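[1] Following is a predicted model, sequence given first.
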Amino acid sequence: MTKEKLAIEVVERLKKEYPDAGCTLDYDQAWKLLVSVRLAAQCTDARVNVVVEDLYAEYPDVDSLAAADVEDIERIVRPCGLGKSKARDISACMKILKDEYGGKIPKDFNALLKLPGVGRKSANLIMGDVFGEPAIVTDTHCIRLVNRIGLVDGIKDPKKVEMELWKIIPPEEGSDFCHRLVFHGRDICTARTKPHCERCCLSEICKKNGVEQG
């Protein structure tokens, strides 16, 4: 099976398994997703969702968060880990949104990359979930699963994985595909324990189970 055909089959099987899969970070405004995805680095989405409730209770909009002292932001977000650097990036990012974009998030991938604390993974998440644009979010689940399945071959660098997936994943499927990989990676194709191949909807086509890929 070629990688292109494998990709289509994986997309379709994951669709059936996780029809309603979406972003697991809670947000009701675009700028909040930007904050949450920065906090999610080396932290669970579940913890982030709890922490941001306190953050937004005190700073309910871009202007108030931009005006906040970095130390006060750090005090609230510390449970997410790396509090000092995350608070610094959030403060700087909100200031730029306020001063240069009228409190809105730019609908431009390269402009997003220029925001403090925003890398390709975060920018793709914003483009896909906020603006509905084609996106490939190469988080740890994505990188682990696409290597195990055989969609990429031994590539660990996030940008290189992203570039390979752009070649074989239909653009309109990319964002939801990556969300479904998160669900599948947490429930079935886990990192810390033995993968539950006996319950996996991809077992028949997975490289890990000895299925040769073209």
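    That came through fine.

[2] contacts, neighbours, all on C-alpha from now
    Will do.

[3] mind listing the helices for this structure?
    Ranges of helices in the chain, per DSSP state H, are 3-17, 30-39, 45-58, 62-67, 70-77, 83-100, 109-113, 120-129, 140-149, 158-168, 174-187.

[4] Any chance of JSON lines for the ones you listed, columns mean neighbour count and mean pLDDT?
    Listed next are those as JSON lines, based on neighbours: other C-alpha atoms under 10 Å; pLDDT from 0 to 100:
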{"stretch": "helix 3-17", "mean neighbour count": "17", "mean pLDDT": "97"}
{"stretch": "helix 30-39", "mean neighbour count": "21", "mean pLDDT": "97"}
{"stretch": "helix 45-58", "mean neighbour count": "16", "mean pLDDT": "97"}
{"stretch": "helix 62-67", "mean neighbour count": "18", "mean pLDDT": "98"}
{"stretch": "helix 70-77", "mean neighbour count": "18", "mean pLDDT": "98"}
{"stretch": "helix 83-100", "mean neighbour count": "20", "mean pLDDT": "98"}
{"stretch": "helix 109-113", "mean neighbour count": "15", "mean pLDDT": "98"}
{"stretch": "helix 120-129", "mean neighbour count": "22", "mean pLDDT": "97"}
{"stretch": "helix 140-149", "mean neighbour count": "20", "mean pLDDT": "96"}
{"stretch": "helix 158-168", "mean neighbour count": "17", "mean pLDDT": "98"}
{"stretch": "helix 174-187", "mean neighbour count": "22", "mean pLDDT": "96"}
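
[5] Which one, of those, ends up nearest to residue 193?
    Nearest of the helices of the chain to residue 193, taken as C-alpha to C-alpha: helix 174-187 at 10.5 Å.

[6] returning to what we had before: with respect to residue 202, which of the helices of the chain lies nearest?
    Smallest distance to residue 202 across the helices of the chain (C-alpha to C-alpha): 6.9 Å, for helix 3-17.

[7] Any chance of TSV for the helices of the chain, columns distance to residue 206?
    Output for the helices of the chain, formatted as TSV (distance: least, C-alpha to C-alpha, whole Å):
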stretch	distance to residue 206
helix 3-17	9
helix 30-39	30
helix 45-58	28
helix 62-67	45
helix 70-77	39
helix 83-100	37
helix 109-113	32
helix 120-129	25
helix 140-149	5
helix 158-168	16
helix 174-187	13
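
[8] Which one of the ones you listed lies nearest to residue 207?
    Judging the helices of the chain by C-alpha to C-alpha, what sits closest to residue 207 is helix 140-149, at 4.9 Å.
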